[in-house]
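Q: sequence and predicted structure are below.
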Amino acid sequence: AQTVTQSQPEMSVQEAETVTLSCTYDTSESDYYLFWYKQPPSRQMILVIRQEAYKQQNATENRFSVNFQKAAKSFSLKISDSQLGDAAMYFCAYKFAGTYKYIFGTGTRLKVLA
Amino acid sequence: NAGVTQTPKFRILKIGQSMTLQCTQDMNHNYMYWYRQDPGMGLKLIYYSVGAGITDKGEVPNGYNVSRSTTEDFPLRLELAAPSQTSVYFCASSHRRDRGFEQYFGPGTRLTVT
């Protein structure tokens, strides 16, 4: 069965510094999507970034970028110039190819220190 | 454009009671989902729907029922509430493949069963 693992329950970063959140997944599929979602204290789930498995180029959205290593089944999120508003739970998610089901990791709580 | 709305935001149920969690989206998405999020955990898929009249079970469907009579609405029914159903419930909807299957989430319903 497909699984998503986030091995860092909690991370801290100084404001303006860079932090990387880890995510690994297990699948036998070749065509799939990967996502990072942010959940601030308000509980609202917000999409941060998306990666299509067939694209070799790593996705980037402003201060957020991913390091997608398909062979290693790794999908890490890098946050540059961290801001206080980045403090939240971050969830990695995998979408099965050919179905509509998503698998979420257990999350990483990011603290941003002023 | 309200996106995905959920009602109620909070609810306390006694063991054995029933209730319906409402979910509505105004983005004309075909795909809708119900998740539960237990403390310190990721999201677990309860049920999903690929269109009006079509629903299917996710990872944790026991104790729940759904219906999808319109594109906009996807209510989740809890019958005979149990303490194990204490959780935060999220409804989500998503685009078709050409938009990367990004999910849009509602604000969540915090349910306590005592």
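A: Thanks, I have the structure now.
Q: residues contacting B:F74?
A: Going by Cβ atoms under 8 Å, 6 or more residues apart in numbering or on different chains, B:F74 touches B:23-25, B:32, B:34, B:49, B:66-68, B:91, B:93. Where C-beta positions appear, they are placed from N, C-alpha and C, glycine not excepted.
Q: give me the pLDDT value at it.
A: pLDDT for B:F74: 98.
Q: before we move on, the earlier item: from the contacts of B:F74, pick the one nearest A:E52.
A: Nearest to A:E52 out of those is B:S93 (Cβ to Cβ; 20.0 Å).
Q: state the pLDDT value of the closest one.
A: pLDDT, B:S93: 94.
Q: and A:V66, bridged to which residues?
A: Counting by DSSP bridges, A:V66 forms beta bridges with A:L77.
Q: sorry, that was for A:S12
A: For A:S12, the beta-bridge partners are A:K111 (DSSP bridges).
Q: what pLDDT is listed against it?
A: Predicted confidence (pLDDT) at A:S12: the value is 97.
Q: quick one: residues contacting it.
A: By Cβ under 8 Å, 6+ apart, A:S12 lies in contact with A:110-113.
Q: surely A:Y33 touches A:G98?
A: No. Counting by Cβ atoms under 8 Å, A:G98 is not a contact partner of A:Y33; they are 11.5 Å apart.
Q: which of the two has more residues huddled nearby?
A: A:Y33 (19 against 9; other Cβ atoms under 10 Å in any protein chain shown).
Q: can you give me the neighbour number for the nearest residue to the more buried one once chain neighbours are set aside?
A: Spatially, and ignoring its direct neighbours in sequence, A:Y33 is nearest to A:K95 (4.3 Å; Cβ to Cβ, 6 or more residues apart in numbering or on different chains). Using other Cβ under 10 Å, A:K95 is surrounded by 23 other residues.
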